[in-house]
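>>> Any chance you could fold what I've pasted below:
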Amino acid sequence: MKILHAIASVNPAYGGPIEHVMQIARVHRSHGNSVEIVSLDSPSDPWVADCKVRCHAVGPGLGKYRYTPRLISWLEAHVSTFDVVIVNGIWNYISFGVWLALRGSTVPYFVFAHGMLDPYFRRQYPLKHLKKCLYWPWAEYNVLRNAKAVFFTSEEEMLLARQSFWPYHCNEYLVNYGTGSASGDAEQQREAFLTRFPHLRGKRSLLFLGRVHEKKGIDLTLKGLAQCIAETPISRTTDVHLIIAGANDNKHAAEIKALAKKLGLEDRITWTGMLSGDLKWGAFHASDAFVLNSHQENFGIAVVEALSAGLPTLITNKINIWREIEQAHAGFVDRDDTAGAARLLNRWLTAPHDEWADMRIRARDCFNSRFHVGATLQCLENAFATYGIEYEATRRADLLPSNA
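Numbering: from 1, shown residues only. Reported below is the predicted structural model:
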C-alpha cells in the first residue's frame with residue numbers, strides 16, 4: 001500500500017504532528033508499505049534534506065497560511081500513484097489544497113485534526129477565531145465534510161471539536177494515537193546528556209520538552225515552583241532544578257526568562273535548546289519528573305515519550321489523555337492555574353521514594369498498553385477497512401525511503 005502524508009512542514013521544531021508521521025511511517029515500512037510526504041516547505045530547507053521519509057517539498061508557502069500553487073499541480077500529477085492520503089492538521093493551505101486537488105479524484109483522503117478544533121483557541125484568540133469563522137464555511141468545513149473520515153485521538157477531542165464552528169459535519173473516527181518508545185542504551189543516553197550539562201548531576205530535575213509557547217503553561221510551572229520554594233523547607237527544594245528543552249529564541253521564551261529573573265529562579269533553570277536523538281532521550285532518563293502545565297493539548301507526544309522512558313508526568317486536565325494517565329497512576333493531574341501547578345510540585349516533592357519508583361514502572365506499563373505506535377497502525381488499518389479501502393502490504397526494495 002502507498003500512503004501519502006500531507007503536512008505543512010516536516011520541521012521537527014513544530015513538534016507532535018511531524019513526530020507522529022515519522023513514527024507511523026517507520027511502522028508502516030516494517031509492514032511492507034510505502035510512505036511519502038508532501039509538504040509546503042521549500043526544497044532547500046535543511047529539515048527537508050534531513051527528513052527520514054521521502055519528502056516532496058512544494059513550497060515555499062507564502063505567509064502564515066503558506067499558500068503555494070505548486071501543491072495542487074503536484075497532487076494532480078502524482079496523487080493517482082497513492083492508495084490513500086492522510087492530511088495532518090488544518091488552518092493552512094495543505095488541507096484546503098488537498099481538498100481542491102482531490103475533489104474529482106478516486107483517491108480517498110483522511111484528516112487528523114490534531115486538536116485544532118479545540119474551543120480553547122476560540123476563547124484565547126477571539127479575533128483569530130472570528131477570521132476563522134469567515135473562512136470556515138467555504139474552506140475547512142468542506143475539507144472535513146468531504147474527507148472519508150476525520151481522525152480524533154480521544155473521545156474528549158472529538159466532543160470538544162463539535163463546539164467550535166457551525167456548520168459542523170464529518171465522519172468522526174477515534175484512533176488510538178501513539179508514538180515510538182524510548183530506544184537505545186538508557187544509561188549511555190543519560191550520561192551523554194549529563195556530560196553536556198554537568199551542573200545537573202545530583203539535581204532533582206523537572207523536565208519540560210516541547211515548543212516554548214504560551215499555551216504550554218511554562219509560566220505556571222515557574223510560578224508554582226516559586227511558591228513551593230517559598231512554602232517548603234529548604235532541605236526539600238535545594239536540589240530542585242527545571243530543564244526547559246525547546247527552541248528559546250522566540251518572544252515567549254524571552255517573556256519566560258524575564259519571569260524567571262523576577263521570581264529569582266534563574267539559577268534553577270537550564271535552557272538546553274531543542275534536543276533530539278540520544279540527547280533528547282538522555283534528558284528523559286536524567287530527570288525525575290516530566291512537567292507540562294498546558295492550557296490545551298490534544299495528545300502530547302512529549303508526555304507519552306516521557307511515559308515510554310519510565311518518567312512519571314505532572315500534567316493538567318487540559319491534556320486530553322489525562323484520564324488515561326491518572327487511571328494508570330502514571331503521574332499526577334491538576335488544574336491549569338498557579339495553584340494547580342504548585343499542588344503538582346508539592347505532590348511530587350512529598351511522594352515517598354518507593355511510591356515514585358513504582359510510578360516509574362506504571363508509567364512504562366501505561367505507555368505499552370495505551371500509547372504504543374503499533375496501536376495506531378491497527379486503528380488505521382481498521383479505518384481503511386471500514387471505509388472500503390483495500391489494505392495490502394507490499395514488500396519491494398524500491399519503496400525504501402529517500403529524499404526528493
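
>>> all contacts plus neighbour counts: C-alpha atoms, from now on.
Noted.

>>> So which residues of the stretch 101-250 of the chain form strands?
Per DSSP state E, counting those that start in this stretch, the stretch 101-250 of the chain carries strands over the ranges 109-112, 149-152, 172-174, 204-209, 240-245.

>>> Next, format the ones you listed as JSON lines and append distance to residue 16, mean pLDDT and mean neighbour count.
Converted to JSON lines, these look like this (distance: least, C-alpha to C-alpha, whole Å; pLDDT from 0 to 100; neighbours: other C-alpha atoms under 10 Å):
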{"stretch": "strand 109-112", "distance to residue 16": "12", "mean pLDDT": "96", "mean neighbour count": "24"}
{"stretch": "strand 149-152", "distance to residue 16": "14", "mean pLDDT": "96", "mean neighbour count": "24"}
{"stretch": "strand 172-174", "distance to residue 16": "18", "mean pLDDT": "94", "mean neighbour count": "18"}
{"stretch": "strand 204-209", "distance to residue 16": "11", "mean pLDDT": "97", "mean neighbour count": "24"}
{"stretch": "strand 240-245", "distance to residue 16": "14", "mean pLDDT": "97", "mean neighbour count": "22"}
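
>>> And those strands: which comes nearest residue 81?
strand 109-112 (13.5 Å; C-alpha to C-alpha).

>>> just how off-centre is the closest one within its chain?
Mean C-alpha position of strand 109-112 versus that of the full chain (C-alpha atoms, centre = their mean, to the nearest Å) differs by 17 Å.

>>> Which residues outside that strand are in contact with it?
Where contact means C-alpha atoms under 8 Å, 6 or more residues apart in numbering, the residues beyond strand 109-112 that reach it are 84-89, 144, 147-152.

>>> try stretch 48-61
Defining contact as C-alpha under 8 Å, 6+ apart, one finds that stretch 48-61 is touched by 10-11, 22, 25, 35-43, 66-68, 70-71, 74, 401-404.

>>> so how far is residue 218 from residue 238?
Relative to residue 218, residue 238 is positioned 21 Å away (criterion: C-alpha to C-alpha, to the nearest Å).

>>> the more surrounded of these two?
residue 218 (23 against 13; other C-alpha atoms under 10 Å).

>>> My understanding was that the more buried one contacts residue 293; is that so?
Yes: between residue 218 and residue 293 there is a contact under C-alpha atoms under 8 Å: 6.6 Å.

>>> From one end of stretch 85-94 to the other, what's the distance?
Using C-alpha to C-alpha, the span of stretch 85-94 from its first residue to its last is 12 Å.

>>> how far out from the middle of the chain is that stretch?
In this view, stretch 85-94 has its centroid 15 Å away from the chain centroid, taken as C-alpha atoms, centre = their mean.

>>> how about the strands of the stretch 101-250 of the chain in a markdown table, adding distance to residue 59?
Formatted as a markdown table, those follow (distance: least, C-alpha to C-alpha, whole Å):
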| stretch | distance to residue 59 |
| --- | --- |
| strand 109-112 | 21 |
| strand 149-152 | 25 |
| strand 172-174 | 30 |
| strand 204-209 | 29 |
| strand 240-245 | 29 |
